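> Curious how this folds, go ahead:
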Amino acid sequence: MTNLPLFLAQAQSAPTGTAALMQLAPLALLMAAMYFLVFAPQRKKQKAHDKMLTELKSGDEVITSGGIYGTITSVKDDRFVIRIGENNKIEVGKGFISTVVTKADAA
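Numbers count the residues shown, from 1 in each chain. Predicted coordinates for the structure are as follows:
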C-alpha cells in the first residue's frame, strides 16, 4: 500500500500532449542535422562520381581506387580496359575508377 501514492505521483507527472512533443523535438533536430551534415553531401558526391563515370571515354587518363594510373583504351558495359604500360592492359570495373587525371579533349 505504500507504493500506491508513489505510483499516482508518477502517473500525474507523465508528459502529455505538447510536453511529449517537446521531448521529441531534440531528437528530430538531431536527425535533421545528421541528414544535412552527412547524408546529403554523400549523395551529392555519389552523383558527381556517377556522372564522371558516364562521361569517360577512350583516351582519358584515370586513377583507380587501388592507385593505378592508366589510359582508357576501350569502354565496355560494366568495365574499362586500361593501358598501364607499353604492352600491359587490365580490365577494371567501372566503380573502381576514382578520378580522372586528364580528359582526351584537353590533350
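
> name the element Asp77 belongs to?
Assigned by DSSP states H and E, Asp77 belongs to neither a helix nor a strand.

> what pLDDT does it get?
For Asp77, the pLDDT comes out at 89.

> How about the one 10 residues further on?
Confidence per residue is given as pLDDT, and for Asn87 that number is 91.

> got it, and Ala28?
Taken from the predicted model, the pLDDT recorded for Ala28 is 90.

> Phi and psi next, for it.
Comment: the main-chain dihedrals of Ala28 come out as phi -70, psi -40, following degrees, to the nearest 10.

> what number of residues lie near it?
Neighbour count of Ala28, defined by other Cβ atoms under 10 Å: 10. For every residue, glycine as well, the C-beta is placed using N, CA and C.

> same check, this time on Ile82
The tally of other residues near Ile82 (other Cβ under 10 Å) stands at 23.

> Against Thr99, how distant is the residue nearest the centre of the chain?
Here the mean C-alpha position of the chain is nearest to the C-alpha of Gln42 (Cα atoms, centre = their mean), at a distance of 3.6 Å. Distance, Gln42 to Thr99, by Cβ to Cβ, to the nearest Å: 17 Å.

> Give me the next element, helix or strand, following the helix or strand containing Met31.
Assigned by DSSP H and E, Met31 falls within helix 18-34. Next along the chain after helix 18-34, taking DSSP H and E as the criterion, comes helix 40-55.

> hey, which helix or strand in the protein has the poorest pLDDT?
helix 3-12 (a mean of 57; mean pLDDT, DSSP states H and E).

> on that earlier part again, extract the C-alpha trace of the helix holding Met31 and format it as CSV.
Once non-C-alpha atoms are left out, helix 18-34 reads as follows in CSV (Å, rounded to 0.1, in the frame of the first residue of the first chain):
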residue,chain,number,x,y,z
THR,A,18,2.8,19.2,-26.1
ALA,A,19,5.1,18.2,-23.4
ALA,A,20,5.7,14.8,-25.1
LEU,A,21,6.3,16.6,-28.4
MET,A,22,8.8,18.9,-26.7
GLN,A,23,10.8,15.9,-25.5
LEU,A,24,10.9,14.5,-29.1
ALA,A,25,12.0,17.9,-30.6
PRO,A,26,15.7,17.5,-29.8
LEU,A,27,15.7,14.0,-31.4
ALA,A,28,14.0,15.4,-34.5
LEU,A,29,16.6,18.2,-34.7
LEU,A,30,19.4,15.7,-34.3
MET,A,31,18.1,13.6,-37.1
ALA,A,32,17.6,16.6,-39.4
ALA,A,33,21.2,17.8,-38.6
MET,A,34,22.5,14.3,-39.3
